[in-house]
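Novice: Test case, fold it:
(2 chains)
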There are 2 protein chains.
Amino acid sequence: MLKKTKIAIAGVGTVGSGVIKLFKKNSIQKNFGIEITAIASRRKIKKSDLGSNGINYFNDAKKLIDFNNYDILVELIGGDEGISKTIVFDALKKGKNVVTANKALVSKHWRKLNEMTQGKRNEIKYEAAVAGGIPIIKVLNDFLISNKIKKIYGILNGTSNFILTNMLNTNSKFEKILEKAQELGYAEADPSFDIDGVDTSHKLAILSSLAFNVNCDLKSIYVDGIRNIELTDLLYANELGYKVKLLGITQIRKKNLINFVYPCLVDHNELISKVDGVFNGIVVESDFCKKSFFQGEGAGSQPTATSVLSDIIDFSIKERKEKSKSKINIVKNTNILDRSGSFYLRFSTVDQPGVISGITNEFKKNNISMKSMLQKDGISKEKKCATIVVTTHNCNEKDMMKALKRINNLNFVVKKTTFIRIENFK
Amino acid sequence: MLKKTKIAIAGVGTVGSGVIKLFKKNSIQKNFGIEITAIASRRKIKKSDLGSNGINYFNDAKKLIDFNNYDILVELIGGDEGISKTIVFDALKKGKNVVTANKALVSKHWRKLNEMTQGKRNEIKYEAAVAGGIPIIKVLNDFLISNKIKKIYGILNGTSNFILTNMLNTNSKFEKILEKAQELGYAEADPSFDIDGVDTSHKLAILSSLAFNVNCDLKSIYVDGIRNIELTDLLYANELGYKVKLLGITQIRKKNLINFVYPCLVDHNELISKVDGVFNGIVVESDFCKKSFFQGEGAGSQPTATSVLSDIIDFSIKERKEKSKSKINIVKNTNILDRSGSFYLRFSTVDQPGVISGITNEFKKNNISMKSMLQKDGISKEKKCATIVVTTHNCNEKDMMKALKRINNLNFVVKKTTFIRIENFK
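Specialist: This is a model prediction of the structure:
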């Protein structure tokens, strides 16, 4: 049995509850030897939820200063000063590791946090601070570690993106969609942090500092939000072939650091223009890996909890290695005939009455129903022949193969029917 | 000074040359303390290219069996049997770490490779084996380690995707584009490995094994390639709102492992349908992180070299930690007025002659040239007013601000001009 990793969680709001839920659901304690030894929360927590003994509950995170029975502080309170700063700095001074989702803290105190861990064995990790559902910190720190980063740009704030997407899609004014976002819990009562670009600038500062190994000063970032974006401009932009997106852009050109946050028009052909709703999307341009694109859910407690847990498990890396090598699951392989899904079919038939009914008759016998039908000339040049293109609703592969076999033997079918599966990801 | 990590490179083909090039260009030896102690290649290598002493050159990779002065074997020869298998198994037996780009080897010998490293300190890493430009192995092993994977699907073969994309875009038959791909070096003289789905099935087997901790048998995968896809079907599909893509799909449903490789129709609204040309794209669905999407260059020596180097540096993790904490670069911050780019402008003016010339006159004075102009009613309801929407070519932010200040003071301008930046990523 390997040594257990002990964690103290400070803050049980949106992200904190997600972490505790994930911890329980996927048996993190059992699978990775990670144990919660303390939870600090101003709100009452149902202790039974955790079903494990030995957890110390504090109603004030300050009490963690006198508590030492942990290896990793998991700071999920937020804010760039006050209690979150106090306990993070205290933990680092004590030589503990820290995992945080706090972008305000990390972006503001970047230099100090770097200095405190310089040459030490302990570290601070913050995958959850930027784009919860995208492993962008790991991409920069691990995957692209050998590359020179040229430019990073992305949609880093789910709330703003939700608003811009819904203004266009529902033909609504900014104020109306902002209200809707507040109702749905995507936007705070005071939404300025999100819609004025402040949140994006915090995340951009972290990406910029990491990518270019600089100390990116928040004050040096040009920040403009979406408060003044009018529906009429979204519509004109759309007509011109663009979508309006709130981007954070960081780049070094001739030793100059460029950090801009502003709403801008992006071409419909760019992947980043397809990132809609509460999703985040990030493009990284680097010297050897060229252009990499990542999309994930930006808001929401569960993707962010995934990021927090990935950092926690990273700290207990040895245990993980053992785990990933452990017992192989036994499963049954599935035959393609077990597939259920829809189909695209192209029939080549003689051009005569009764063809459609002959085909649909076989469909009926095999529980296949049509979704659409095209009958067109122009592409096929064979004369006196008809081309019929059909898409179907979901059916069993087995039934379709049976139907096609029979259809191909019908006397009006002049060529083996072409079928291609339609993959539906809903 | 930390201990150096020594690597032996076997195979200097497309990927191997990329690794050596990246190694030199970004000073991997100096920055990460990684040293090449041996290179095995059947082709002659310009020794001066590496400019470092102490490298042993072998013309036969077998000679690495009697060579022990390395920590990591970097196997870039390829093939599921023969010399690559021999040296990888030999290295693992000796307790060395292995980094490989060899999907055939890893997918075929998955169980054996797992057993050989079980409970040992050494490991085999293969980020480069699946989708060179996407860190999908790290995403599964690190980022999503706490999640239950539900489904993975993706475009895993750049060559097939290049062919399908170009058939549609240039209205050409399969054979013609295959020839073009061969001319461009995207397809081999014998293209069956790529176009018949074999390559995709190897990569899928690795993803499936990792995601579900199973031993995915290659023979159990249903594999169909793109050889029989006709242009006419791409065109019909497009008309129906779909693109045809060669997908690998892996999923567990009710303890059944589903592994399919086939060309299929995917809706135009799915991000995966936007992955064109030699790019790869992968979607991972998981219980907490929901839907994550990744796109990167699929083929090509440089993105794959990035993956290889990420694994090598991962093995020397301590050195990396020191590096990422080291000296902070000093850079100059850029003011928004230093931006150069294009603009979307919406002018609200009195509807009278001379308006356009008044505006363009200011443009001319400030070196701004127009790209497009819309003049429309319908959106603006103010009477006797004109709305003019203009997009510009690249200009200096400074010049634009000067021009707008002057334009806003013109007597026919009734409202402050709306400007939104256009971001061009080419």
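Novice: averaged over its residues, what pLDDT does stretch A:167-178 have?
Specialist: Summarised as a single mean, pLDDT over stretch A:167-178 is 97.
Novice: Over to stretch A:43-55?
Specialist: pLDDT averaged over stretch A:43-55 gives 73.
Novice: That one spans what distance, first to last residue?
Specialist: Terminal residues of stretch A:43-55 lie 16 Å apart, using Cα to Cα, to the nearest Å.
Novice: Figure out how far the helix or strand encompassing A:Ala305 is from the centre of its chain.
Specialist: Using DSSP states H and E, A:Ala305 sits within helix A:301-315. Taking the mean of its C-alpha atoms, helix A:301-315 sits 13 Å from the chain's own mean (Cα atoms, centre = their mean, to the nearest Å).
Novice: do stretch A:149-166 as well
Specialist: 12 Å.
Novice: Could you do stretch A:141-152 as well?
Specialist: Stretch A:141-152 sits 20 Å away from the centroid of its parent chain (Cα atoms, centre = their mean).
Novice: Can you show me the strands along the stretch 1-150 of chain A?
Specialist: A:5-10, A:34-40, A:56-58, A:72-75, A:97-100, A:124-125, A:149-155 (DSSP state E, counting those that start in this stretch).
Novice: which residues sit against the last one?
Specialist: Contacting residues not belonging to strand A:149-155 are listed as A:131, A:140, A:161, A:207-208, A:211-212, A:245-252, A:272, A:275, A:279-287, A:298, B:423, B:425 [Cβ atoms under 8 Å, 6 or more residues apart in numbering or on different chains]. To be clear about C-beta, it is placed using only N, CA and C from the backbone, and glycine gets the same treatment.
Novice: Please identify the buried residues of the helix or strand just after that strand?
Specialist: Reading on from strand A:149-155 to the C-terminus, the next helix or strand found by DSSP H and E is helix A:158-170. Judged by neighbour count (16 or more other Cβ atoms under 10 Å in any protein chain shown), helix A:158-170 contains these buried residues: A:Gly158, A:Thr159, A:Ser160, A:Asn161, A:Phe162, A:Ile163, A:Leu164, A:Thr165, A:Asn166, A:Met167, A:Leu168.
Novice: mind giving me a markdown table with the residues you listed and columns for distance to chain B?
Specialist: A markdown table is the format used below for the buried residues of helix A:158-170 (distance: Cβ to the nearest Cβ, whole Å):
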| residue | distance to chain B |
| --- | --- |
| A:Gly158 | 12 |
| A:Thr159 | 17 |
| A:Ser160 | 14 |
| A:Asn161 | 15 |
| A:Phe162 | 15 |
| A:Ile163 | 15 |
| A:Leu164 | 11 |
| A:Thr165 | 13 |
| A:Asn166 | 16 |
| A:Met167 | 14 |
| A:Leu168 | 13 |
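Novice: And chain A, what are its domain boundaries?
Specialist: Domain assignment for chain A, taken from automatic domain parsing, gives A:5-129, A:136-297, A:336-422.
Novice: which one of the ones you listed lies closest to B:Lys148?
Specialist: domain A:5-129 (6.2 Å; Cβ to Cβ).
Novice: and stretch A:170-183, is it in reach of chain B?
Specialist: No - legend: contact between stretch A:170-183 and chain B by Cβ under 8 Å from any Cβ of the partner chain is lacking; minimum distance shown is 10.8 Å.
Novice: was I right about A:Arg43 contacting A:Val12?
Specialist: Yes - the criterion here is Cβ atoms under 8 Å, and A:Arg43 meets it with A:Val12 at 6.4 Å.
Novice: Provide the partner residues of A:Val74 in its beta bridges.
Specialist: With DSSP bridges applied, A:Val74 shows beta-bridge pairing to A:Ile9, A:Val99.
Novice: Pick out whichever of A:Arg43 and A:Val12 has more residues nearby.
Specialist: Taking neighbours as other Cβ atoms under 10 Å in any protein chain shown, A:Arg43 and A:Val12 compare with A:Val12 leading, 20 against 10.
Novice: who's in contact with A:Arg406?
Specialist: Neighbouring residues of A:Arg406 by Cβ under 8 Å, 6+ apart: A:Glu362.
Novice: Quick check, pLDDT for it.
Specialist: At A:Arg406, the model reports a pLDDT of 97.
Novice: before we move on, back to that, most packed of the domains of chain A?
Specialist: Comparing the domains of chain A on average neighbours per residue, with mean count of other Cβ atoms under 10 Å in any protein chain shown, the densest one is domain A:136-297 at a mean of 21.
Novice: So for A:Gly95, what's the nearest residue that isn't a sequence neighbour?
Specialist: Spatial nearest neighbour of A:Gly95, excluding adjacent residues (Cβ to Cβ, 6 or more residues apart in numbering or on different chains): A:Asn122 at 5.1 Å.
Novice: What separation do you get for A:Val275 and A:Ile149?
Specialist: 20 Å (Cβ to Cβ, to the nearest Å).
Novice: how about the helices in the stretch 201-350 of chain A?
Specialist: Using DSSP state H, counting those that start in this stretch, the helices of the stretch 201-350 of chain A run over residues A:231-240, A:301-315, A:317-324.
Novice: what helices or strands is the first one leaning on?
Specialist: What that stands for is helix A:231-240. Where contact means 3 or more Cβ pairs under 8 Å, 6 or more residues apart in numbering or on different chains; DSSP states H and E, helix A:231-240 is packed against helix A:158-170, strand A:242-253, strand B:340-350, strand B:370-375, strand B:385-392, strand B:413-423.
Novice: Could you save the ones you listed as a markdown table and add columns showing distance to A:Arg227?
Specialist: Converted to a markdown table, the helices and strands packed on helix A:231-240 look like this (distance: least, Cβ to Cβ, whole Å):
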| stretch | distance to A:Arg227 |
| --- | --- |
| helix A:158-170 | 10 |
| strand A:242-253 | 11 |
| strand B:340-350 | 17 |
| strand B:370-375 | 25 |
| strand B:385-392 | 21 |
| strand B:413-423 | 13 |
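Novice: quick one: which of the ones you listed is nearest A:Asn97?
Specialist: strand A:242-253 (27.1 Å).
Novice: and the closest one, how far from the chain's centre?
Specialist: 19 Å.
Novice: Listing partners with orientation, what would you give for that strand?
Specialist: strand A:149-155 (antiparallel), strand A:256-267 (antiparallel).
Novice: Any stretches of chain A with poor pLDDT?
Specialist: Counting by pLDDT under 70, chain A has low-confidence residues at A:1-2, A:47-52, A:317-328, A:376-383.
Novice: Could you tell me which residues of the stretch 51-200 of chain A lie near chain B?
Specialist: Residues of the stretch 51-200 of chain A found near chain B (Cβ under 8 Å from any Cβ) are A:111, A:114, A:117-119, A:123, A:127, A:133-135, A:138-139, A:141-148, A:153.
Novice: so of those, which ones are in helices?
Specialist: The helices, defined by DSSP state H, take in A:Arg111, A:Asn114, A:Thr117, A:Lys138 from those.
Novice: Relative to B:Asp60, which of the residues you listed is nearest.
Specialist: A:Lys138 (38.0 Å).
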